[in-house]
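# task: produce atomic coordinates for the following.
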Amino acid sequence: MVLRKGNEEFNNPKAEALYECREESAWPIPRTQYIKYHLVVGGSLSTSAPSQSQETTVSYQTLRSFEKPELVQFLTAPMGQDTEITGHVVARLSISIAPEDPSSVGEKDMDLFLTLGYIATSGGEIN
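Numbering: from 1, shown residues only. This is a model prediction of the structure:
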């Protein structure tokens, strides 16, 4: 297993060779600590589950073009310590479609693209 720490160049074998490697004998890793994060109004992720009175709806327009995509993003507060995320990430979402024109006909489907990113305190994504 390769442990990425820092912001070495992406897809650069020489830079990536600097990452620490560690052998694991079992999967999932026996000392794994599973942590649930919950989507929170305002675009954050929290380890505290919202109460039913705090549950809400997040709406956004569908993808109109690849040049100006519409998206919804949720972020954690900066991690206070080194954090390792290894293995399968699971997302449970309740979603629905509400057409702009309720009288419209045709297929009503959606594609969801969920990504887990590493964002520096400066706001830029670390590859």
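# hmm, Leu45 and Leu39 touching each other?
Yes - taking C-beta atoms under 8 Å as the definition, Leu39 is a contact partner of Leu45 at 6.5 Å. C-beta: built from backbone N, CA, C; applies to glycine.
# who has more neighbours out of these two?
Neighbours were tallied for Leu39 and for Leu45 using other C-beta atoms under 10 Å; the higher tally belongs to Leu39 (17 against 13).
# identify the contacts common to Leu39 and Leu45.
For the pair Leu39 and Leu45, residues contacting each of them under the criterion C-beta atoms under 8 Å, 6 or more residues apart in numbering are Phe74.
# now tell me what touches stretch 7-22 from outside.
Identification of contacts with stretch 7-22 by C-beta under 8 Å, 6+ apart yields 1-5, 120, 126-127.
# which pair in those spans the largest distance?
By the measure C-beta to C-beta, Met1 and Ala120 form the most distant pair in the contacts of stretch 7-22, at 22.9 Å.
# roughly how far does Tyr60 sit from Lys36?
24 Å (C-beta to C-beta, to the nearest Å).
# and these two? Which one has more around it.
Ranked by neighbour count (other C-beta under 10 Å), Tyr60 and Lys36 place Lys36 first, with 11 against 8.
# which strand or helix spans that one?
Under the criterion DSSP states H and E, no helix or strand holds Lys36.
# now the spatially closest residue to Arg4 that is not a sequence neighbour. Its backbone dihedrals?
Nearest residue to Arg4 in three dimensions, chain neighbours excluded: Tyr19, at 5.4 Å (C-beta to C-beta, 6 or more residues apart in numbering). When read as degrees, to the nearest 10, the backbone of Tyr19 gives phi -70, psi 140.
# strands along the protein, start to end?
Per DSSP state E, the chain carries strands over the ranges 2-3, 20-21, 38-40, 44-46, 118-119, 125-126.
# winner for burial among those?
strand 38-40 (a mean of 15; mean count of other C-beta atoms under 10 Å).
# counting contacts, what elements does that one pack onto?
For strand 38-40, the elements it packs on are strand 44-46, judged by 3 or more C-beta pairs under 8 Å, 6 or more residues apart in numbering; DSSP states H and E.
# how close does Trp27 get to Arg4?
19 Å.
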